[in-house]
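S.K.: What shape does this take:
(2 chains)
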Amino acid sequence: DVKVTQSSRYLVKRTGEKVFLECVQDMDHENMFWYRQDPGLGLRLIYFSYDVKMKEKGDIPEGYSVSREKKERFSLILESASTNQTSMYLCASSPPLTGTMNTEAFFGQGTRLTVV
Amino acid sequence: GEDVEQSLFLSVREGDSSVINCTYTDSSSTYLYWYKQEPGAGLQLLTYIFSNMDMKQDQRLTVLLNKKDKHLSLRIADTQTGDSAIYFCAEDPYNDYKLSFGAGTTVTVRA
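M.R.: So this is what the prediction gives:
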């Protein structure tokens, strides 16, 4: 069974702390993504990676960075957490698109981060 | 980014059909998706449609695509309590799986 695992379901951090959100997938997928989910806004892409050590900014990268040292692991880093980063964070992975063959993105269960 | 729009809430009686509507913005999207999120869970792919199709049926699910109006709908027949969830419409405007999601429609099934 395919699996994307996020290390924490719930986190509470203080303003200014450095926060690491970890995501591991066991499907040998090239693509990995970090989204944040907020009510009324849906999912917004923060960062994505197409390969080890590759990273590209999504739609809302400000205040975040990422690390992909190994294919199976994609980490989201909040350098200095702020209250407006309180949100649900979702990690996803997918194999690369090949021609017209559709592929599915698999999502983790999410990490609900509260910054106080 | 692109704006995918969908209504936020839908209440439906058990056994009735549910119709969730979505408008998307980029006609170059090869695939359009419906994802389901149950309470406390991540998103799960429900179904998808290829852009050269008008309709796709998969058991209780029917997806209709109107490319001219950039309108996508999901119909759930014989809605059950287990269908209560948030449903997200998503497009892939650059065909690289950087999905653009709508805000999500919360479907509540009442007895």
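S.K.: And the residue of chain B closest to chain A?
M.R.: For chain B, the residue closest to chain A is residue B:42, as judged by CB to the nearest CB, at 3.6 Å. For glycine as for every other residue, the C-beta is placed from the backbone atoms N, C-alpha and C.
S.K.: Against residue A:39, how distant is the residue lying closest to that residue once chain neighbours are set aside?
M.R.: Closest residue to residue B:42 apart from its sequence neighbours, by CB to CB, 6 or more residues apart in numbering or on different chains: residue A:107 at 3.6 Å. Distance of residue A:107 to residue A:39, computed by CB to CB, to the nearest Å: 18 Å.
S.K.: So between the two, which is more surrounded?
M.R.: residue A:107 (24 against 12; other CB atoms under 10 Å in any protein chain shown).
S.K.: give the contact list for the more buried one.
M.R.: For residue A:107, the contact set (CB atoms under 8 Å, 6 or more residues apart in numbering or on different chains) comprises A:4, A:90-92, B:42-44.
S.K.: Which parts of chain A are helices?
M.R.: Applying DSSP state H to chain A gives no helices.
S.K.: where does it come near chain B, residue by residue?
M.R.: A:4, A:31, A:33, A:35, A:40-45, A:48, A:58-59, A:90, A:92, A:94, A:96-97, A:100, A:102-105, A:107-110 (CB under 8 Å from any CB of the partner chain).
S.K.: and the end-to-end length of stretch A:23-31?
M.R.: From its first residue to its last, stretch A:23-31 covers 12 Å (CA to CA, to the nearest Å).
S.K.: Tell me which residues are up against that stretch.
M.R.: A:2-7, A:32, A:34, A:48-51, A:71-76, A:91, A:93-96, A:105-106, A:108, B:97.
S.K.: can you pull up the bridge partners for the residue in chain A that chain B sits nearest to?
M.R.: In chain A, no residue comes nearer to chain B than residue A:107, which is 3.6 Å away by CB to the nearest CB. Going by DSSP bridges, residue A:107 is paired in beta bridges with residue A:92.
S.K.: which residues does the residue nearest to residue B:29 when sequence neighbours are not counted bridge with?
M.R.: Excluding its sequence neighbours, the residue lying closest to residue B:29 (CB to CB, 6+ apart) is residue B:91, at 4.2 Å. Residue B:91 forms beta bridges with residue B:32, residue B:100, as assigned by DSSP bridges.
S.K.: Local confidence estimate at residue B:91?
M.R.: Here, the pLDDT recorded for residue B:91 equals 88.
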